[in-house]
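Asker: Predicted model, plus sequence, below.
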Amino acid sequence: MTRLIALALAVILNSVSTAVVVAQTEQGSEAKRIVKAKQVVHKLGIGREARVAITRTDQTTVSGFISEASESSFELTDFSTGATTQLTYAEVEKAKPLPTVRNDLTTKRAIKQVGLALGIGVGVLVLACLLTRRCEE
């Protein structure tokens, strides 16, 4: 009878200690997740260049740029709508930085303008050559 009681106590103590270890592991992983989210947000900074995709703990995804950041939460502004979403770091399952959009319109415009100027210049020379009949010599 005493062996049975000792065995029952051993099983109960083992179950309790296992539950405590599992709970501590879950709390530890949640703390790591929060720290990682804070690191990503603070590394990106604030502004239109701080583009990020956030997967929440409820598996919904939002993306935009970080418009405000504090110690406990941050604000995400949607690219297209401009709507802001307040998120706490505990809500974030995964934070993935997005590539910034490079605005190469000035470079493209410069290349087009140089090409157009060269085309017009060659056209004027050919026209002048034909009109003065110097091309036949």
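Answerer: Cool, got the structure.

Asker: in the chain, what spans have low per-residue confidence?
Answerer: Within the chain, the segments meeting pLDDT under 70 span 1, 3-27, 101-105, 135-137.

Asker: Repeat the analysis, applying 90 as the threshold.
Answerer: By pLDDT under 90, the low-scoring segments of the chain are 1-31, 37, 41, 44-45, 47-50, 72, 79-80, 98-113, 123, 125-137.

Asker: Run through the strands of it in chain order.
Answerer: 51-56, 61-69, 73-77, 84-88, 92-97 (DSSP state E).

Asker: Same list (those strands) but as JSON lines, adding mean neighbour count and distance to residue 114.
Answerer: (C-beta placed from N, C-alpha, C; glycine too.) Output for those, formatted as JSON lines (neighbours: other Cβ atoms under 10 Å; distance: least, Cβ to Cβ, whole Å):
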{"stretch": "strand 51-56", "mean neighbour count": "18", "distance to residue 114": "32"}
{"stretch": "strand 61-69", "mean neighbour count": "17", "distance to residue 114": "34"}
{"stretch": "strand 73-77", "mean neighbour count": "19", "distance to residue 114": "37"}
{"stretch": "strand 84-88", "mean neighbour count": "14", "distance to residue 114": "42"}
{"stretch": "strand 92-97", "mean neighbour count": "16", "distance to residue 114": "35"}
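
Asker: Let's have those in JSON lines, adding distance to residue 28.
Answerer: Compiled in JSON lines, those are given as follows (distance: least, Cβ to Cβ, whole Å):
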{"stretch": "strand 51-56", "distance to residue 28": "20"}
{"stretch": "strand 61-69", "distance to residue 28": "24"}
{"stretch": "strand 73-77", "distance to residue 28": "22"}
{"stretch": "strand 84-88", "distance to residue 28": "19"}
{"stretch": "strand 92-97", "distance to residue 28": "16"}
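
Asker: wait, which of those strands is closest to residue 39?
Answerer: For those, the distance to residue 39 is smallest for strand 92-97, at 8.7 Å, taking Cβ to Cβ.

Asker: looking at the strands of the chain, which is closest to residue 34?
Answerer: Comparing the strands of the chain by Cβ to Cβ, strand 92-97 comes nearest, at 7.5 Å.

Asker: The closest one packs against which elements?
Answerer: Packing partners of strand 92-97 (3 or more Cβ pairs under 8 Å, 6 or more residues apart in numbering; DSSP states H and E): helix 2-44, strand 51-56.
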